[in-house]
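> turn this into a structure:
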Amino acid sequence: MNWLMVVLGALVGAPLRYLTDRAVRARHDGLFPWGTLVVNLSACAVLGFLTGAATATTVPPALYHLVGPGLCATLSTYSTFSFETVALAERGAGRIAAANVLVSVVAGLAAAFLGGAAARALLG
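Sure thing, here's the model as predicted:
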């Protein structure tokens, strides 16, 4: 049953990632990969909330698998983040590539932390 929940979450997460990335890119020109940043930060916040909820209360395994390894794993994209960062560096945009790494890592950790704190505050 857990594998089915992962599949169902992935069926939502993958298209959501694609559509969100496209919508953000349509509104923001430039070299910085805003679409990838938005989907990755969103996944970090949701996964942080799920983790915080699991520490504050009991999260049913089906819900955990639906949201964690299903939705969040397919919503976030480390491979695209890596590819875009390397592509920026290869195009001579080393500072933007470095900013992408710094912002993605620091903001991702902050989003996960804040998501967990929000869950514990709401559910604890």
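
> give me phi/psi at Asp29?
phi -80, psi 170 (degrees, to the nearest 10).

> can you map out the helices along this protein?
For the chain, applying DSSP state H gives helices covering 2-27, 34-56, 61-65, 73-75, 78-90, 94-123.

> ok, and what's touching stretch 113-124?
With CB atoms under 8 Å, 6 or more residues apart in numbering as the test, stretch 113-124 has contacts from 44-53, 55-57. Bear in mind the C-beta positions are built from the backbone N, C-alpha and C, glycine included.

> try 7 Å
Residues from elsewhere that reach stretch 113-124 (CB atoms under 7 Å, 6 or more residues apart in numbering): Ala45, Val46, Leu47, Gly48, Phe49, Thr51, Gly52, Ala53, Thr55, Ala56, Thr57.

> contacting residues around the closest residue to Thr74 other than its chain neighbours?
Closest residue in space to Thr74, ignoring its immediate chain neighbours: Gly13 at 3.3 Å, by CB to CB, 6 or more residues apart in numbering. Taking CB under 7 Å, 6+ apart, we find Gly13 in contact with Gly70, Leu71, Cys72, Ala73, Thr74, Leu75.

> quick one on the thing from earlier: tabulate the helices of the chain (TSV), appending mean pLDDT.
As requested, the helices of the chain are exported to TSV (pLDDT from 0 to 100):
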stretch	mean pLDDT
helix 2-27	96
helix 34-56	97
helix 61-65	96
helix 73-75	95
helix 78-90	97
helix 94-123	98
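
> just the buried ones from the contacts of Gly13?
Buried by 16 or more other CB atoms under 10 Å: Gly70, Leu71, Cys72, Ala73, Thr74, Leu75, out of the contacts of Gly13.
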